[in-house]
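1. When you get a sec, could you give me coordinates for this:
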Amino acid sequence: MFIRHAHRDKPIPDADNGLSQKGREQVEDLVKDYKKEHLPPSQVFWSSPKKRCIETLKPITEQAKARLHIEKLLDEQQGAEGSQKFQERIEALIEKAQTEETTVYLCSHGDLIPEALDMLTGKFIDISKGEAIQVQFKNGEWKLL
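-> Residues are numbered from 1 along each chain as shown. Coordinates of the predicted model:
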């Protein structure tokens, strides 16, 4: 389960800043979807180290009474990180997530998630801020749900 971080407050564009009011409202919608079981239950929640990702996923983990794990592999592409290294990091993330035997919530960024979905499904999908998208490995292949 991929979640793109909610809308962020960005008075300083490159700062590691938190969510805007719009972003907090998007998170409320995600929590409602989790409570209503429109999103699958889990105890495994991984977030990029960026504040906006942590603030997006933390309320869901609280609802699930689960721990939030900060996963550096989920961070956005770094300035000195070339596209090959970025893809290798995403592959390492996917391999790590596949070792879990339950749904893994992965909160990340608008560059990483479409790349990961393309690697898994062969489809490049640009998801909006605050949006969740579920993929499942079944019968030897990844599918969007």
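2. for this protein, which spans come out with low pLDDT?
-> Scanning the chain for pLDDT under 70 picks out 13.
3. how about the helices in it?
-> 21-35, 51-64, 83-97, 112-121 (DSSP state H).
4. Which one of these lies nearest to Leu106?
-> Nearest of these to Leu106, taken as CB to CB: helix 83-97 at 6.6 Å. In this view, the C-beta of every residue, glycine as well, is placed from N, C-alpha and C.
5. tell me which residues in that closest one are buried?
-> Phe86, Arg89, Ile90, Leu93, Ala97 (16 or more other CB atoms under 10 Å).
6. hmm, back to that, for the helices of the chain, which one ends up most surrounded?
-> With neighbours taken as mean count of other CB atoms under 10 Å, the helices of the chain reach their highest mean count in helix 51-64, at a mean of 20.
7. ok, the closest residue to Arg89 other than its chain neighbours - how many residues close by?
-> With CB to CB, 6 or more residues apart in numbering as the criterion, Arg89 has its nearest non-adjacent residue at 5.7 Å, and that residue is Leu73. As a burial measure, Leu73 scores 19 neighbours (other CB atoms under 10 Å).
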